[in-house]
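Novice: Mind folding the following:
(chains A and B)
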Amino acid sequence: MLDRREFVARLLKDRGDLMVLTGLGTATFDVASQGDNPLNFYIWSGMGCTAMVGLGLALARPDRRVVVITGDGDVLMALGSLATIGAKQPKNLSIVCIDNAVYAATGMQPTATGAGCDLAATARACGFKQVMAPTDIAEADTLRPLLHSGPGPLFIHARVSNAKHERVIPTRDGYGMKHRFLEASGLKAMF
Amino acid sequence: MADAHHSSEHADWPDRIHAVFKKYNVRQLGHVPDTGHTRLIALCAQDNEIKDVVLTSEAEGPGLVLGATLGGERAALLMQSSGVGNCINTFSVLQNCAAPVVLIVTMRGEFNDFNPWQRPMGKITEETLKLCGFHVYRVDEEKDVEPVAAAACDMAYNGNFQVAILLSQRMINRMPGAH
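Specialist: Numbering: from 1, shown residues only, chains lettered A, B, ... in the order given. Down below sits the predicted model:
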């Protein structure tokens, strides 16, 4: 079992201009713990939609790399979106699923992944170009370059422990995040 | 009529909506099929400037729209009225981020629909959209499609609003048995 915070920290090391979207739940705290960044976009509602936000962004910005970092609960809530992404084959999109097999934010109730649902196999069946399931923390260092240049869509399925970590809560201002994201990504605040 | 189930293919309102999308530089289109949307979906799928995304559930649409917005592109959604109910929670991301969208809904359960089970969702579609923060315009006559679509695009993309257009089942002239 991987330590989720160390795994995310290693993946985001020297991230450069990587665009990072996070799903509702503990994955947001993991990313925020590595420092706020205008190219981070934290999604605080609409559970299940994170992967699709990644697809819309990846299609709009084929010149950039997009990474979705989210939990198994968020992915399970919209499994169909993996099929949608597999059908579109966005080369610049990666999904990192931090799978702790529980809904950690609501009291550690078990998710389907603990009962046998294999999200890596699901992503493979949906047509993701590359699917990785690291079991050793050191693998984060070999996966990191794939986020920046590997052919996507890429799915990284990280089974993690439930070690406690600090809740690092970033901004919840969606309107403000949108504007800073557009500016930091080289677009005028056009919306 | 040999092709009565697809009468909308012979009407030109889908062409007019497509032209409005082009005028307003809509670049992404998420959709779940409906007989009434057949021609508009085909027009957009053939259009190299519009990236069309077939959704497995309408609930995926608002996420796609937010992503397009963050990437500087305008997005629209097509679905039938039953799909609106699937989106209630994910619509929230659009309000939370003032992400613009034009949503075109073909109505079910209101006129000559062979399937009475469409009635409960069709009956509450307009109110549901309003409760979800949408400005809603209903179109009953073909002549109104183009001006309403243009007004909706102007309001959405120049004002960061969520705007829905309901195309009445009578206008679409859905034939018994069509989905």
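Novice: which residue is nearest the middle of chain A?
Specialist: Most central in chain A under Cα atoms, centre = their mean is A:Ile69, positioned 1.4 Å from the mean C-alpha point.
Novice: what's near enough to touch that one?
Specialist: Contact analysis of A:Ile69 by Cβ atoms under 8 Å, 6 or more residues apart in numbering or on different chains lists A:Val8, A:Leu11, A:Val20, A:Leu21, A:Thr22, A:Gly23, A:Ala27, A:Asp30, A:Val31, A:Val96, A:Ile98. Quick note: C-beta positions are derived from backbone N, CA and C, even for glycine.
Novice: ok, for it, nearest residue in space, not its chain neighbours?
Specialist: Nearest non-adjacent residue to A:Ile69, counting by Cβ to Cβ, 6 or more residues apart in numbering or on different chains: A:Val96, 4.6 Å away.
Novice: Could you report the neighbour count for the one you found?
Specialist: Residues lying near A:Val96 (other Cβ atoms under 10 Å in any protein chain shown) number 26.
Novice: Check the one 10 residues further on too.
Specialist: Here the number of neighbours of A:Thr106 (other Cβ under 10 Å) works out to 9.
Novice: any idea how far it is from A:Val31?
Specialist: Going from A:Thr106 to A:Val31 by Cβ to Cβ, to the nearest Å gives 19 Å.
Novice: Same check on B:Lys143?
Specialist: 51 Å.
Novice: more neighbours, those two?
Specialist: More neighbours surround A:Val31 than the other of B:Lys143 and A:Val31, with 30 against 10 (other Cβ under 10 Å).
Novice: and the gap between the closest residue to the more buried one other than its chain neighbours and B:Ala42?
Specialist: Leaving out its chain neighbours, the residue that sits closest to A:Val31 by Cβ to Cβ, 6+ apart is A:Thr22, at 4.8 Å. Distance from A:Thr22 to B:Ala42, counting by Cβ to Cβ: 36 Å.
Novice: Those two: which is more packed in?
Specialist: More neighbours surround A:Thr22 than the other of A:Thr22 and B:Ala42, with 29 against 14 (other Cβ under 10 Å).
Novice: And the strands in chain A, which stretches?
Specialist: In chain A, the strands defined using DSSP state E lie at A:19-22, A:40-42, A:66-71, A:93-99, A:102-103, A:109-110, A:130-132, A:154-159.
Novice: can you dump the C-alpha coordinates of the third one into CSV?
Specialist: What follows is strand A:66-71 as a C-alpha-only set of coordinates in CSV (Å, rounded to 0.1, in the frame of the first residue of the first chain):
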residue,chain,number,x,y,z
VAL,A,66,-3.9,17.8,-18.0
VAL,A,67,-3.9,15.6,-14.9
VAL,A,68,-7.0,14.6,-12.9
ILE,A,69,-6.1,13.6,-9.3
THR,A,70,-9.1,12.1,-7.6
GLY,A,71,-10.4,9.3,-5.4
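Novice: That strand pairs with which strands, parallel or anti?
Specialist: Strand A:66-71 sits in its sheet next to strand A:19-22 (parallel), strand A:93-99 (parallel), going by DSSP bridges.
Novice: Up against chain A, what does chain B have?
Specialist: Within chain B, the positions near chain A by Cβ under 8 Å from any Cβ of the partner chain are B:27-28, B:51, B:53-57, B:59-73, B:75, B:89-93, B:96-100, B:160.
Novice: if you look at those, which of them are in strands?
Specialist: Cross-referencing those against strands under DSSP E gives B:Arg27, B:Gln28, B:Lys51, B:Val53, B:Val54, B:Ala75.
Novice: So for the fifth one, what's the pLDDT?
Specialist: Model confidence at B:Val54, expressed as pLDDT, equals 97.
Novice: and it, bridged to which residues?
Specialist: As for beta bridges, B:Val54 partners with B:His31 under DSSP bridges.
Novice: all helices of the chain, in order?
Specialist: If you meant another chain, say so; for now it's chain A. For chain A, the helices defined by DSSP state H occupy A:4-11, A:26-32, A:50-60, A:72-77, A:80-88, A:119-125, A:139-149, A:174-184.
Novice: wait, chain B
Specialist: Per DSSP H, chain B carries helices over the ranges B:13-23, B:38-45, B:61-70, B:81-86, B:92-97, B:119-131, B:145-159, B:169-172.
Novice: chain center to the second one: distance?
Specialist: Same thing as helix B:38-45. With Cα atoms, centre = their mean, to the nearest Å as the basis, helix B:38-45 stands 12 Å off its chain's centre.
Novice: looking at the helices of chain A, which is buried most?
Specialist: Ranked by mean neighbour count, the helices of chain A are led by helix A:50-60 with a mean of 30 (mean count of other Cβ atoms under 10 Å in any protein chain shown).
Novice: circling back to that earlier point, mind giving me JSON lines with the helices of chain B and columns for mean pLDDT?
Specialist: Shown next, in JSON lines, are the helices of chain B (pLDDT from 0 to 100):
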{"stretch": "helix B:13-23", "mean pLDDT": "97"}
{"stretch": "helix B:38-45", "mean pLDDT": "94"}
{"stretch": "helix B:61-70", "mean pLDDT": "98"}
{"stretch": "helix B:81-86", "mean pLDDT": "97"}
{"stretch": "helix B:92-97", "mean pLDDT": "98"}
{"stretch": "helix B:119-131", "mean pLDDT": "97"}
{"stretch": "helix B:145-159", "mean pLDDT": "98"}
{"stretch": "helix B:169-172", "mean pLDDT": "91"}
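Novice: quick one: stretch A:148-167 near chain B?
Specialist: No - contact of stretch A:148-167 with chain B (Cβ under 8 Å from any Cβ) is absent, the minimum separation being 13.3 Å.
Novice: what about that stretch, how long is it end to end?
Specialist: With Cα to Cα, to the nearest Å applied, stretch A:148-167 spans 27 Å between its terminal residues.
Novice: Right, I'll leave it there.
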